[in-house]
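Peer 1: Fold the stuff below for me.
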Amino acid sequence: MKKWFNSCGRLVQIILLIIPIVGWIVEILVRADDFISDKNLSSLLFFILFLVFGAILAYVDLVWVLLFNHLIGAK
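Peer 2: Residues are numbered from 1 along each chain as shown. Presented below is the predicted three-dimensional model:
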């Protein structure tokens, strides 16, 4: 899911993150994929953080995607 999200166009990424429930689900799926593929502590912390506060942090990630074309900590 992480590779798919990063390969999408910026407009698609923004649309996926700006819709409240869809943005949270995309965040969780990308974070889970990142943790499964990397298996490091920072991926686990990002996954837990976005699982709990994902609805709020999705908008922070939206700005991050606008600037850097990938999610925070999931490059």
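
Peer 1: Look up how far residue 4 lies from the residue positioned nearest the centre of the chain.
Peer 2: The structure's the chain has its C-alpha centroid closest to residue 27; by Cα atoms, centre = their mean the separation is 3.7 Å. From residue 27 across to residue 4, the span is 14 Å (Cβ to Cβ, to the nearest Å). Every C-beta, even on glycine, is put in place using the N, C-alpha and C of the backbone.

Peer 1: anything in contact with each of those two?
Peer 2: When Cβ atoms under 8 Å, 6 or more residues apart in numbering defines a contact, no residue borders residue 27 and residue 4 alike.

Peer 1: Could you tell me which helix of the chain is the longest one?
Peer 2: If you go by DSSP state H, the chain has its longest helix at helix 41-68.

Peer 1: Mind giving me the packing neighbours of that one?
Peer 2: Other elements packing on helix 41-68 under the criterion 3 or more Cβ pairs under 8 Å, 6 or more residues apart in numbering; DSSP states H and E are helix 10-18, helix 20-38.

Peer 1: And those: which comes nearest residue 50?
Peer 2: helix 20-38 (4.8 Å; Cβ to Cβ).

Peer 1: for that closest one, which positions count as buried?
Peer 2: 23-24, 26-28, 30-35 (16 or more other Cβ atoms under 10 Å).

Peer 1: got it, and stretch 40-47?
Peer 2: Residues 43, 46-47 are the ones in stretch 40-47 that count as buried (16+ other Cβ under 10 Å).

Peer 1: mind putting those in CSV, pLDDT and distance to residue 56 included?
Peer 2: Putting those into CSV (pLDDT from 0 to 100; distance: Cβ to Cβ, whole Å) gives the following:
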residue, pLDDT, distance to residue 56
43, 87, 20
46, 86, 14
47, 88, 16
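
Peer 1: of all the residues you listed, which comes closest to residue 14?
Peer 2: Using Cβ to Cβ, residue 46 comes nearest to residue 14 of these, at 19.8 Å.
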